[in-house]
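Novice: I need the structure of the sequence given here:
(one chain, ligands or ions: 1)
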Amino acid sequence: MTASKSTKPTMTTSQPILEVTGLTMDFGGIRALDSLDLQVREGEIVALIGPNGAGKTTFFNCLTGIYKPTGGDLLLTPPGQKTRRLNGLKPNKVTQQGLARTFQNIRLFPNMTVLENVMIARHCRTRAKVLGAIFRDRRTREEERQIVELSYSILEKMGLESWVNEFAKNLPYGAQRRLEIARALATEPILLLLDEPAAGMNPQETKELDDLISEIRDDGLSILLIEHDMKLVMSLSDHIFVMDYGKKIAEGNPEEIRTNPDVIKAYLGEDVTDA
Ligand SMILES: Nc1ncnc2c1ncn2[C@@H]1O[C@H](COP(=O)(O)OP(=O)(O)OP(=O)(O)O)[C@@H](O)[C@H]1O
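Specialist: Numbering: from 1, shown residues only. Have a look, this model is predicted:
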């Protein structure tokens, strides 16, 4: 068994930065999410796990404005700021509010360079308008310089600096996944949502990802993670929520989840106990 390597205690008394209450999502007759409650506190890595079809991606899609939930509330409270309701906001507005996500299937601009991929992700925080872009006034040029600098420093952090001028499509698979995270970081999120970041990775790539996600959290970011790799989940998470058939069936720290009978039953045939 791998113990959680969290360096920070779970802050159960602090105010959640994300508070989800009674979240429900119906697709015709299918209830994909059924009154889901979930919280993420500042500086935590929280995992959302569950068997295939449990509703995890539907949850991310509700949270990031791709789906409008049938019911419930999605509340974001950035540290030291007022609570904002995210329900019904368009995806770009959700990003502006401080949520950034990666996807199960890699979504990069394959024929743009690694640096350009990150710079484009940054546009949601830029101020230059069309005229500035056409006439390239001093303020626009200064902003561009800052974007290049910031993008480069994110790529360095993600161990991608040697690929900056390479087309994204030419990167090895694990590096493409890291570039997705770099793009999300470029939006300066309060909460980073990772949808199966280890999918398709070999053990070495997964190990590197484990270290990287820990570092990102240690830099102060809160992270909500959907992941099937139980070893990674148990190693990284401060707190775990388990879903099945759209409902939360358990929550707790890795040790509590590993030994929870409802979780073991939901995963019958899959090995949570060995993780
Ligand atoms: N756009 C949609 N229209 C109709 N049904 C949908 C839609 N999206 C998801 N569902 C259904 O909602 C349920 C939850 O699916 P979801 O993809 O959220 O599960 P998941 O936990 O992410 O699964 P996996 O681990 O396989 O990715 C499934 O029954 C799925 O068929």
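
Novice: give the contact list for the residue nearest to Leu193 when sequence neighbours are not counted.
Specialist: Spatially, and ignoring its direct neighbours in sequence, Leu193 is nearest to Arg101 (3.8 Å; C-beta to C-beta, 6 or more residues apart in numbering). Where you see a C-beta, it was placed from the backbone N, CA and C, and this is true even at glycine. Taking C-beta atoms under 8 Å, 6 or more residues apart in numbering as the criterion, Arg101 is in contact with Phe60, Thr64, Ala184, Leu192, Leu193, Leu194, Asp195.

Novice: Can you list which of those are found in helices?
Specialist: Phe60, Ala184 (DSSP state H).

Novice: Generate a PyMOL selection restricted to the buried subset of the contacts of Arg101.
Specialist: In PyMOL syntax, the buried subset of the contacts of Arg101 is picked out as below (16 or more other C-beta atoms under 10 Å):
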select buried, resi 60+64+184+192+193+194+195
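
Novice: thinking again about what came up before, give me phi/psi at the residue nearest to Leu193?
Specialist: The phi/psi pair for Arg101 (degrees, to the nearest 10) reads phi -140, psi 160.

Novice: and it, how far is that from Val94?
Specialist: Counting by C-beta to C-beta, to the nearest Å, the separation of Arg101 from Val94 is 9 Å.

Novice: how about the strands in the stretch 101-250 of the chain?
Specialist: Using DSSP state E, counting those that start in this stretch, the strands found in the stretch 101-250 of the chain span residues 191-195, 222-226, 239-244, 247-252.

Novice: Show me which residues of the longest helix that the chain contains are buried.
Specialist: Criterion DSSP H: the longest helix present in the chain is helix 138-157. For helix 138-157, burial by neighbour count (16+ other C-beta under 10 Å) applies to Thr140, Glu143, Glu144, Ile147, Leu150, Ser151, Tyr152, Ile154, Leu155, Lys157.

Novice: Please enumerate the helices of the stretch 51-200 of the chain.
Specialist: For the stretch 51-200 of the chain, applying DSSP state H, counting those that start in this stretch gives helices covering 56-63, 91-97, 114-121, 130-135, 138-157, 173-185.

Novice: lowest-confidence stretch among those helices?
Specialist: Averaging pLDDT over each of the helices of the stretch 51-200 of the chain singles out helix 130-135 as the lowest, with a mean of 59.

Novice: Let me see the domain layout of the chain.
Specialist: 1-98+190-275, 109-188 (automatic domain parsing).

Novice: Now render these as TSV, adding distance to the ligand.
Specialist: Converted to TSV, the domains of the chain look like this (distance: least, C-beta to the nearest ligand atom, whole Å):
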stretch	distance to the ligand
domain 1-98+190-275	3
domain 109-188	16
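
Novice: quick revisit: and for Arg101 and Val94, which residues touch both?
Specialist: Common neighbours of Arg101 and Val94, using C-beta under 8 Å, 6+ apart, are Thr64.

Novice: quick check: mean pLDDT across stretch 26-36?
Specialist: Averaged across stretch 26-36, the pLDDT comes to 95.

Novice: would JSON lines of the helices of the stretch 51-200 of the chain with distance to Leu76 be doable?
Specialist: Putting the helices of the stretch 51-200 of the chain into JSON lines (distance: least, C-beta to C-beta, whole Å) gives the following:
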{"stretch": "helix 56-63", "distance to Leu76": "9"}
{"stretch": "helix 91-97", "distance to Leu76": "6"}
{"stretch": "helix 114-121", "distance to Leu76": "20"}
{"stretch": "helix 130-135", "distance to Leu76": "30"}
{"stretch": "helix 138-157", "distance to Leu76": "22"}
{"stretch": "helix 173-185", "distance to Leu76": "16"}
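
Novice: Could you export the strands of the stretch 101-250 of the chain as TSV, including mean pLDDT?
Specialist: Putting the strands of the stretch 101-250 of the chain into TSV (pLDDT from 0 to 100) gives the following:
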stretch	mean pLDDT
strand 191-195	97
strand 222-226	97
strand 239-244	96
strand 247-252	96
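
Novice: Quick one: those as CSV, columns for distance to Val40 too.
Specialist: Output for the strands of the stretch 101-250 of the chain, formatted as CSV (distance: least, C-beta to C-beta, whole Å):
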stretch, distance to Val40
strand 191-195, 6
strand 222-226, 5
strand 239-244, 8
strand 247-252, 12
